[in-house]
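1. structural data only, the sequence is not supplied:
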């Protein structure tokens, strides 16, 4: 009986187990469906929260508004500069030659030496001059003695006046001749006419020297000047006494000076005039023919309204730019404003008419706007 009961229960248990195995996948699908529904519900709730926050933060800017950046126009000092290339020179750059002819007997300096005005540079052979001087001195001594005797006799009423005058004339002639020979002796010594540097010795000891033969070049670099040519357009804007900045790219040196003078005429070919500025050069780094860049201010406007030149456009009606305005609902919009421009320099333009202090101009995004475009100002 017990065995029969067991046999009857086993098939029923097997059927129950089979049924449980078939329902397991269905339970997993239900779980996933419930999770999906939960996520969707959370997403809908987030969307509602986002929409609420967007509504709270909304400024009323239209969806087609153009993103732009702006700046408020304020008066400022405007300066216009021009640049010109110049060349360094010096007034004290001279060639030295002896005043008389002769063989160079000695040279007392070498290239690169600093010399003072009046310093002896060289001497010429003066043997013939010395002999002539000795001869004249002997004759002068005799002529002086003869004149003194004639004078004593004339004071004693002895002799004639003509003899006295002839003796005096001979003595004076020899004195003049001696003075001339002494002057020639001085000219046989080559001296520095200015203080400076011996830049170049052009002759050697033993060579023939003379007034037409260059002996040496002396350059004084303590005071130099720079000259440049400027367009005649700036003739009335550059004057003597104006400040100028000079930069020497090779040396990396910048100096400030004053315009010493402007030329009195305009070059007919280049249509330019010359300007000169004197420069102190105590360290003697500036040398003749060195190139320099001169920068000069030609205009200065106080309380000018200045805008970047790139913002200024032009059509058939003239020059214009875009500023920020507001429509009847208070939304910022772009407005096309026509202006009158003045001086343009360093990528900036001075506006003389059309804008006022405090005007908000569009500085970025101006290429995407038209007159009346709604704006989203960042």
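-> On my side now, so go ahead. Because the structure is predicted, anything quoted here is derived from the model rather than measured. Residues are numbered from 1 along each chain as shown.
2. distance check, residue 373 against residue 334.
-> Residue 373 sits 5 Å away from residue 334, going by Cβ to Cβ, to the nearest Å. Backbone N, C-alpha and C define where each C-beta goes, glycine included.
3. common neighbours of the two, please.
-> Common neighbours of residue 373 and residue 334, using Cβ atoms under 8 Å, 6 or more residues apart in numbering, are residue 66.
4. how about the helices of the stretch 1-150 of the chain, start to end?
-> 2-57, 127-155 (DSSP state H, counting those that start in this stretch).
5. mean pLDDT for the ones you listed: which is lowest?
-> Across these, helix 2-57 has the smallest mean pLDDT, namely a mean of 65.
6. mind listing the helices for the stretch 151-300 of the chain?
-> According to DSSP H, counting those that start in this stretch, the helices that the stretch 151-300 of the chain contains are 161-187.
7. and the strands in it?
-> 189-191, 196-201, 208-209, 216-219, 223-231, 243-248, 253-262, 272-280, 291-308 (DSSP state E, counting those that start in this stretch).
8. what's the angle between the last one and strand 253-262?
-> Taking axes from the mean of the first three to the mean of the last three Cα atoms, to 10 degrees, one finds that strand 291-308 is oriented at 90 degrees with respect to strand 253-262.
9. buried residues, strand 291-308. List them.
-> 292, 293, 294, 296, 298, 299, 301, 304, 305, 306, 307 (16 or more other Cβ atoms under 10 Å).
10. turn the strands of the stretch 151-300 of the chain into CSV, including mean pLDDT and distance to residue 141.
-> Shown next, in CSV, are these (pLDDT from 0 to 100; distance: least, Cβ to Cβ, whole Å):
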stretch, mean pLDDT, distance to residue 141
strand 189-191, 86, 26
strand 196-201, 88, 42
strand 208-209, 86, 33
strand 216-219, 91, 40
strand 223-231, 93, 51
strand 243-248, 95, 64
strand 253-262, 93, 58
strand 272-280, 94, 56
strand 291-308, 91, 64
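11. residue 146 is nearest to which of those?
-> strand 189-191 (33.9 Å; Cβ to Cβ).
12. who are the packing partners of that closest one?
-> strand 120-124 (3 or more Cβ pairs under 8 Å, 6 or more residues apart in numbering; DSSP states H and E).
13. so for the strand it packs on, mean pLDDT?
-> 87.
14. quick one: that strand to chain centroid distance?
-> The chain centre lies 44 Å from the centre of strand 120-124; the measure is Cα atoms, centre = their mean, to the nearest Å.
15. quick one: it to strand 196-201, angle?
-> Strand 120-124 runs at 40 degrees relative to strand 196-201, counting by the same axes, to 10 degrees.
16. please shift the residue numbers so they start at 7 in all later answers.
-> Shifting the count to begin at 7 puts that one at strand 126-130.
17. strand 126-130 - which strands sit beside it in the sheet, and in what orientation?
-> strand 108-113 (antiparallel), strand 195-197 (antiparallel) (DSSP bridges).
18. may I see the buried residues of the longest one?
-> Taking 16+ other Cβ under 10 Å as the neighbour-count basis, strand 108-113 is seen to contain the buried residues 108, 110, 111, 113.
19. for residue 181, which non-adjacent residue is closest in space?
-> Sequence neighbours aside, residue 146 is the residue nearest to residue 181 in space, at 6.3 Å (criterion: Cβ to Cβ, 6 or more residues apart in numbering).
20. number of residues surrounding that neighbour?
-> 19 (other Cβ atoms under 10 Å).
21. and it, how close does it get to residue 317?
-> 93 Å.
22. phi and psi next, for the nearest residue to residue 355 once chain neighbours are set aside.
-> Closest residue in space to residue 355, ignoring its immediate chain neighbours: residue 315 at 4.6 Å, by Cβ to Cβ, 6+ apart. Main-chain torsions, residue 315, degrees, to the nearest 10: phi -60, psi -30.
23. can I get the strands paired with strand 126-130 in TSV with distance to residue 371?
-> Converted to TSV, the strands paired with strand 126-130 look like this (distance: least, Cβ to Cβ, whole Å):
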stretch	distance to residue 371
strand 108-113	77
strand 195-197	76
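24. those strands: which one's closest to residue 43?
-> strand 108-113 (113.5 Å).
25. pull the distance from that closest one to the chain's centre.
-> Distance, centroid of strand 108-113 to centroid of chain: 48 Å (Cα atoms, centre = their mean).
26. isn't residue 384 up against residue 72?
-> No - with contacts counted by Cβ atoms under 8 Å, residue 384 stays clear of residue 72, the gap being 10.7 Å.
27. who has more neighbours, these two?
-> residue 72 (19 against 9).
28. contacting residues for that one?
-> 340, 371, 374, 375, 379, 380, 381, 382.
29. may I ask which two of the buried residues of strand 297-314 are separated the most?
-> 298 and 311 (34.7 Å).
30. and of the contacts of residue 72, the nearest to residue 41?
-> When the contacts of residue 72 are compared against residue 41 (criterion: Cβ to Cβ), the nearest one is residue 382, at 40.8 Å.
31. the closest one bridge partners, please.
-> Applying DSSP bridges, one finds that residue 382 bridges with residue 73.
32. hmm, it is touching residue 71, no?
-> Yes - shown here, residue 382 and residue 71 form a contact pair, counting by Cβ under 8 Å, at 4.0 Å.
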